[in-house]
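**Q** Quick check, what structure comes out for this input:
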Amino acid sequence: MNWRRSLYWRIAIGVVAFLAAMLVVQAMLFVWTLSQTGRTLPGQSPGRLGMTVAVDLAQVLDRDPQVDLARYVENQYAEYNHPFFVMMNDGRLITSGSTSFPEPLIRMAKERLQRGLDRSAGGRGDRGGGPRPDRPRGPRPPPDWWQQPDRFVDRLELDASGYRFVRPSPIVVDGQLVGVVVVPPQAPFGYLLRRYAPMLALVAGAVLIVGTVLTSFLIFGPARRRLRALEGAARRLGAGDLTARAPDRGGDEIAAVASAFNAMAQDLAARADALASSDRARRQLLADVSHELTTPVTAMRGYLETLSMPELELDEATRARYLAIIGDETARLERLIGDLLDLARLEGGGGTLQIDEVPVAQLFNRVVARHERASAAAHVTMTTAIDPDAASVAGDRDRLEQAIQNLAANAMRYAPAGSTIRLAARADGMTGKSVALSVDDEGEGIPPEHLPHVFDRFYKADASRAGVSGGSGLGLSIVKAIVERHGAQISVTSRPGRTVFEIAGLSRPVAPSAVEGRQAQGGPSGR
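**A** Here you go, the predicted structure:
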């Protein structure tokens, strides 16, 4: 991937650019604030700075009148952070740095210097002879501004144009005014910027380098590693590895994305497992259906081929027995196909349930009557017990009878001779607002490992129970589908000597007028 398109680089460049901009802004604000305060030396004002320079220059000139004053100022005061200039009485202008000064400030310095020189000349005339003819007699005027330099050293004054300045500091040698030192009240912004620019650039560069390294190490490094781990997990998941998961430590946005990805991966894995399980169930169902259909078809074909052989002479009794077997296998095939169609319609939500008030006694009596001959032949007794609060249920009469008939046939198939099959109805639940129907027998029971599968299609636990199964293996699956279409649940409990199938959660009719003729289109799926 092109680095210019990388999110990491975009964020990093943005952060570094923002940090550089903030450093530049801070440097400019620092220089501007420094220029506005006028205090470029610790504890020293512009006026005091001027006095210090004026006294120093006066001492230098007193020792050596021929000194190169411009070089001395450059060497001695080049490192000062507040600029100033020196104006000598011979017209020389000496500056402390490569900067320009406002014209009003230079004009003021010339005017003050000229004024001081005029008063100084007048003073010398007084000392050289008698009174000047043009000077009036009387008290002497007060000393000029340069004769008492410490009196108004920090005083700000205004010229005729309104320009603000600090009173110049005089350079006095042997009692004579030889020049003035002028310090602006505020250091020029450009001067301070040029002076501080190298130092600020060095500091900003160091801060940028250290900040970039720390930002990359502390912020972008962990985020990049976590995003790369998320990317790797996504690629593995896309390649078919359903166990791929991204690290979701922490509570930030990356952890939230990783958690969402893991939830999606887990859901995809669950869906894949469900699809694989469904595919296995479909393949098993096809195999079971093929096996169940092939068995009667193979028997029918064998007997039909035998009957159609012209060279084989069969007596009437044998021919009748063969035809009876073919008829039985045909009926078995019809039952199997009918059970498959019923199960498909019930589990697919097709068809309608005619919801009526169904008397439980009538339902049980029809089941007992249906199995009267079979129970007598097997020496099995079938009894019924109905609680007063469970006299009727709301449901489809035919489907409920089909479910109880299948449960009773299943119990009859495995009940030993001399045992009892009990059909019971009772009020279900703590409030008694529903009804539970149960069918139990006294067979050898179902081992625990078979209990979770007894409602599966074509599942037969023949080896675990007495008797020989003659069913299709779909009876209990149909019962489960019917019960769930009624919004109820079916369960089984078994131990040696007793097995109980219970249908719980059947609705009680609210009122005959309200229940009669009501239809449930599609019905509840239950699960």
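**Q** Quick check: pLDDT value at D267.
**A** If you check D267, the pLDDT there is 92.
**Q** Any figure for the gap between it and D273?
**A** To D273, D267 is 11 Å away according to C-beta to C-beta, to the nearest Å. The C-beta positions use only the backbone N, C-alpha and C, and glycine is treated the same way.
**Q** Where does the residue nearest in space to the middle of the chain sit, in terms of helix or strand?
**A** In the chain, the residue lying closest to the centroid (C-alpha atoms, centre = their mean) is A256, at 2.5 Å. Under the criterion of DSSP states H and E, A256 resides in helix 253-307.
**Q** same for that helix, what does it pack against?
**A** Taking 3 or more C-beta pairs under 8 Å, 6 or more residues apart in numbering; DSSP states H and E as contact, the helices and strands that helix 253-307 lies on are helix 221-238, helix 316-347.
**Q** lowest-confidence stretch among those helices?
**A** In terms of average pLDDT, helix 316-347 trails the rest of the helices and strands packed on helix 253-307, at a mean of 79.
**Q** helices or strands up against whichever helix or strand comes after that one?
**A** Following helix 316-347 in sequence order, the next helix or strand is strand 352-359 (DSSP H and E). Helices and strands touching strand 352-359, by 3+ C-beta pairs under 8 Å, 6+ apart, are strand 392-396, helix 397-414, helix 512-515, strand 518-521.
**Q** how about strand 352-359: buried residues?
**A** 353, 355-358 (16 or more other C-beta atoms under 10 Å).
**Q** how's this structure carved up into domains?
**A** 39-123+144-185, 270-347, 353-521 (automatic domain parsing).
**Q** now the ones you listed as JSON lines including distance to A21?
**A** Converted to JSON lines, these look like this (distance: least, C-beta to C-beta, whole Å):
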{"stretch": "domain 39-123+144-185", "distance to A21": "26"}
{"stretch": "domain 270-347", "distance to A21": "50"}
{"stretch": "domain 353-521", "distance to A21": "69"}
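**Q** Which one of those lies nearest to A17?
**A** Distance to A17, taken as C-beta to C-beta, is lowest for domain 39-123+144-185 among those, at 30.4 Å.
**Q** roughly how far out does that closest one sit from the chain middle?
**A** 70 Å (C-alpha atoms, centre = their mean, to the nearest Å).
**Q** mean confidence for stretch 298-306?
**A** Averaged across stretch 298-306, pLDDT comes to 84.
**Q** Could you do stretch 271-287 as well?
**A** Computed over stretch 271-287, the mean pLDDT rounds to 79.
**Q** Off-centre distance for it?
**A** With C-alpha atoms, centre = their mean, you get 34 Å for stretch 271-287.
**Q** can you list the residues that contact that stretch?
**A** Residues outside stretch 271-287 that contact it (C-beta atoms under 8 Å, 6 or more residues apart in numbering) are 242, 457-458.
**Q** Most tightly packed of the helices and strands packed on strand 352-359?
**A** Burial of the helices and strands packed on strand 352-359 is given as mean neighbour count (mean count of other C-beta atoms under 10 Å); strand 392-396 ranks first at a mean of 25.
**Q** orientation of it relative to helix 397-414 in degrees?
**A** 100 degrees (axes from the mean of the first three to the mean of the last three C-alpha atoms, to 10 degrees).
**Q** Just send the contacts of stretch 271-287 back as CSV, with distance to R63 too.
**A** CSV is the format used below for the contacts of stretch 271-287 (distance: C-beta to C-beta, whole Å):
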residue, distance to R63
L242, 95
R457, 122
F458, 125
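**Q** Just the buried ones from those?
**A** With neighbours counted by 16+ other C-beta under 10 Å, the contacts of stretch 271-287 contain buried members at 457-458.
**Q** can I get the contacts of stretch 271-287 in JSON lines with pLDDT, secondary structure and distance to F84?
**A** Below are those laid out as JSON lines (pLDDT from 0 to 100; DSSP: H, G, I helix; E, B strand; the rest coil; distance: C-beta to C-beta, whole Å):
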{"residue": "L242", "pLDDT": "86", "secondary structure": "coil", "distance to F84": "80"}
{"residue": "R457", "pLDDT": "74", "secondary structure": "coil", "distance to F84": "106"}
{"residue": "F458", "pLDDT": "71", "secondary structure": "coil", "distance to F84": "109"}
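**Q** Out of the domains of the chain, the one nearest T215 is which?
**A** Judging these by C-beta to C-beta, what sits closest to T215 is domain 39-123+144-185, at 33.1 Å.
**Q** and the gap between I326 and P310?
**A** As for I326, its distance to P310 is 18 Å (criterion: C-beta to C-beta).
**Q** So for those two, which residue has more residues nearby?
**A** I326 (18 against 5; other C-beta atoms under 10 Å).
**Q** contacting residues for the residue nearest to the centre of the chain?
**A** Counted by C-beta under 8 Å, 6+ apart, A256 has zero contacts.
**Q** So for A514, what's the pLDDT?
**A** Note on A514: pLDDT of 41.
**Q** circling back: closest one to R226 among the domains of the chain?
**A** Per C-beta to C-beta, nearest to R226 of those: domain 270-347, 25.2 Å.
**Q** if you go through the stretch 101-250 of the chain in chain order, where are the strands?
**A** 156-158, 164-166, 169-173, 176-182 (DSSP state E, counting those that start in this stretch).
**Q** And the second one, what's buried?
**A** Taking 16+ other C-beta under 10 Å as the neighbour-count basis, strand 164-166 is seen to contain the buried residues 165-166.
**Q** Beta-bridge partners for D440, please?
**A** R422, V500 (DSSP bridges).
**Q** From what I see, it and I421 are in contact.
**A** Yes: assessed by C-beta atoms under 8 Å, D440 is found in contact with I421 at 7.3 Å.
**Q** joint contacts of the two?
**A** Common neighbours of D440 and I421 (C-beta under 8 Å, 6+ apart) are A411.
**Q** which of those two has more neighbours?
**A** I421 (25 against 21).
**Q** So the residue nearest to the centre of the chain versus I325, what's the distance?
**A** Counting by C-beta to C-beta, the gap from A256 to I325 is 70 Å.
**Q** count of neighbours near the closest residue to T330 other than its chain neighbours?
**A** Of all residues not flanking T330 in the chain, M300 sits nearest, at 6.6 Å (C-beta to C-beta, 6 or more residues apart in numbering). M300 has 18 neighbouring residues, counting by other C-beta under 10 Å.
**Q** Angles on the backbone of H450, please.
**A** phi -90, psi -20 (degrees, to the nearest 10).
**Q** Tell me, how many residues neighbour it?
**A** Count around H450 with other C-beta under 10 Å applied: 17.
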